[in-house]
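1. Got a predicted structure plus its sequence, pasted below:
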Amino acid sequence: MIEARQLTKRYGETTAVDGLEFTVRPGAVTGFLGPNGAGKSTTMRMIIGLDAPTSGSVTVNGKHYREHPSPLQEVGALLEAKSVHPGRSAFNHLLAQAQTHGIPRRRVDEVIELTGLQSVAKKRAGQFSLGMGQRLGIAGALLGDPATVMLDEPVNGLDPEGVLWIRNLLTQLASEGRTVFVSSHLMSEMALVADRLIIVGRGRLLADTSVDELVRQAGGDAVRVATADPARLRDVLAGPGVQIVGTGSEELEVTGLPARSIGTTAAEHGIALYELTTVKVSLEQAFMDLTRDDVVYHGKELAA
Ligand SMILES: Nc1ncnc2c1ncn2[C@@H]1O[C@H](COP(=O)(O)OP(=O)(O)OP(=O)(O)O)[C@@H](O)[C@H]1O
């Protein structure tokens, strides 16, 4: 369990993290989302004691990272700028980490197998591709068999097979009862893997929610309907919580009613439908709606 209480970090004039309050619970994958510069990496660095909060606190399983007698066995982390000696083999890198933390040698073999690095374990880490480096970083994070696993952008540089592997790994770690906290900019991945979402913008908490709830708050799924008699269909569908917008001479977009009940009501009133399609709100769209005012770095739109 990770608990942030009024967690704040200032770098001179910049407030990178601004009074964050959240709890990351065990047994679930919690996605940590936010636009560039929102304060995700700074928060993660504070969780494992690489940066000190200006005020407030963050604990892992009730204690500050530094207070744990065996921190690697408590929380395993992959942060973006993981330093690996380029001349050292993956095996020796992990072995050195294990030896300095009282972790048995057989655990090194286990994490090498778990991360699919067997065939390259004796190769120098400096020759590793980005994806292999990510796997090595994850192997290091899992070395202490920690109850809490924290990964910053773990799918960065992974090929599709690697992305699928991460997805399954995160789900498995959570199903084993671990706390899994993972940052990503890949919304489609988060939609598939995350049970909970913590979303930040300009260092502040914007949402602590589930994927479904966020999508629902963004308006939920809509249903596109085409009919010869849109005016009558509007009348028979109207009701509390139902919104109907005309999107063409014969087209309506309906929110607040599932496609099935729209079809049934239309049939009961003898209204012919030409189309009845559920239009899903993507997590990406919901995220953009939520963070629109908190994007620090705006790209310039290209002229058409
Ligand atoms: N060591 C530092 N010194 C000064 N400013 C910093 C430092 N680290 C981060 N910042 C600033 O703090 C803010 C938050 O940065 P952070 O890297 O935590 O965001 P992020 O959400 O991880 O971004 P990204 O998605 O781009 O990785 C940014 O404005 C950044 O420039």
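-> Yes, it's here. Numbering: from 1, shown residues only.

2. who in the stretch 201-304 of the chain is up against the ligand?
-> Residues of the stretch 201-304 of the chain lying close to the ligand (C-beta under 6 Å from any ligand atom): none. For every residue, glycine as well, the C-beta is placed using N, CA and C.

3. The stretch 201-304 of the chain: helices as residue ranges?
-> 211-217, 230-237, 259-268, 283-291 (DSSP state H, counting those that start in this stretch).

4. Centre of the chain to the first one, how far?
-> Its chain's C-alpha centre lies 14 Å from the corresponding centre of helix 211-217 when counted by C-alpha atoms, centre = their mean, to the nearest Å.

5. what's the burial count for the closest residue in space to V242 that isn't next to it in sequence?
-> Take V242 and drop its neighbours on the chain: the residue closest to it by C-beta to C-beta, 6 or more residues apart in numbering is G256, 4.1 Å away. Residues lying near G256 (other C-beta atoms under 10 Å) number 16.

6. what residues are up against G256?
-> G220, G241, V242, Q243 (C-beta atoms under 8 Å, 6 or more residues apart in numbering).

7. Now do the contacts for the closest residue to the ligand within the stretch 51-200 of the chain.
-> In the stretch 51-200 of the chain, the residue that lies nearest the ligand is H185 (6.5 Å; C-beta to the nearest ligand atom). Contacts for H185 were tallied using C-beta under 8 Å, 6+ apart; they are L33, E153.

8. I'd like the helices of the stretch 201-304 of the chain as CSV, with distance to L94 and mean neighbour count appended.
-> Formatted as CSV, these follow (distance: least, C-beta to C-beta, whole Å; neighbours: other C-beta atoms under 10 Å):
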stretch, distance to L94, mean neighbour count
helix 211-217, 34, 16
helix 230-237, 61, 16
helix 259-268, 52, 14
helix 283-291, 35, 18
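
9. quick one: which of these is nearest E251?
-> Comparing these against E251 with C-beta to C-beta, the closest turns out to be helix 230-237 (7.3 Å).

10. Which neighbouring elements make contact with the closest one?
-> Under the contact criterion of 3 or more C-beta pairs under 8 Å, 6 or more residues apart in numbering; DSSP states H and E, helix 230-237 touches strand 243-248, strand 251-255, helix 259-268.

11. what angle sits between that helix and strand 243-248?
-> 170 degrees (axes from the mean of the first three to the mean of the last three C-alpha atoms, to 10 degrees).

12. Tell me which stretches of the stretch 1-150 of the chain form strands.
-> 2-11, 14-24, 28-33, 55-60, 75-78, 148-152 (DSSP state E, counting those that start in this stretch).

13. Output the ones you listed as CSV; include the columns distance to E284 and mean neighbour count.
-> Output for those, formatted as CSV (distance: least, C-beta to C-beta, whole Å; neighbours: other C-beta under 10 Å):
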stretch, distance to E284, mean neighbour count
strand 2-11, 25, 18
strand 14-24, 22, 18
strand 28-33, 10, 24
strand 55-60, 28, 17
strand 75-78, 24, 24
strand 148-152, 20, 24
